[in-house]
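J.: My questions are about this predicted structure, shown below with the sequence.
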Amino acid sequence: MTRINLLLLLALVLSSVYLVRVSYESRRLFAALDKAQNEARQLEIEHERLKSEKQSQATPLRVERVARDRLAMRNATPAVTQYVTYAPAASSVEASR
């Protein structure tokens with residue numbers, strides 16, 4: 001009878017240790033899941049903020065102003081436009097000889 005009681009006690013102790021370990025692992029995984037969800041939420045907020053910032057930065061008026069101020073570009077006018085003419089295929093054959 002004592003052997004059965006000791007065997008049952010050992011089974012009970014092992015079962016309780018396993019239960020504690022599984023509960024701890026469950027809590028740890030839940031905390032990691034919650035942290036990952038919070039991080040995903042923060043990344044989504046940051047993504048939306050960056051999209052709206054990109055949209056405000058890419059307005060045609062702002063692009064034109066930055067091109068004029070920072071890059072010293074100017075509007076194309078006939079006075080500063082250079083036209084390139086297409087050379088016919090016969091001249092390219094003569095050039096290869």
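T.: Looks like it arrived, so ask away.
J.: where exactly do the helices run in this protein?
T.: For the chain, the helices defined by DSSP state H cover 2-57, 60-69, 89-96.
J.: any chance of the ones you listed in CSV, with mean neighbour count and distance to residue 78 too?
T.: Any C-beta I mention is one placed from the backbone N, CA and C, and that applies to glycine too. Below are these laid out as CSV (neighbours: other Cβ atoms under 10 Å; distance: least, Cβ to Cβ, whole Å):
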stretch, mean neighbour count, distance to residue 78
helix 2-57, 10, 32
helix 60-69, 10, 19
helix 89-96, 8, 27
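J.: hey, least reliable of those helices by pLDDT?
T.: When the helices of the chain are ranked by mean pLDDT, helix 89-96 comes last with a mean of 58.
J.: so how far is residue 57 from residue 64?
T.: Relative to residue 57, residue 64 is positioned 13 Å away (Cβ to Cβ, to the nearest Å).
J.: So for the two, which residues contact both of them?
T.: Common contact partners of residue 64 and residue 57 (Cβ atoms under 8 Å, 6 or more residues apart in numbering): none.
J.: re earlier: pipe the helices of the chain into TSV and attach distance to residue 76 per row.
T.: Below are the helices of the chain laid out as TSV (distance: least, Cβ to Cβ, whole Å):
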stretch	distance to residue 76
helix 2-57	24
helix 60-69	12
helix 89-96	28
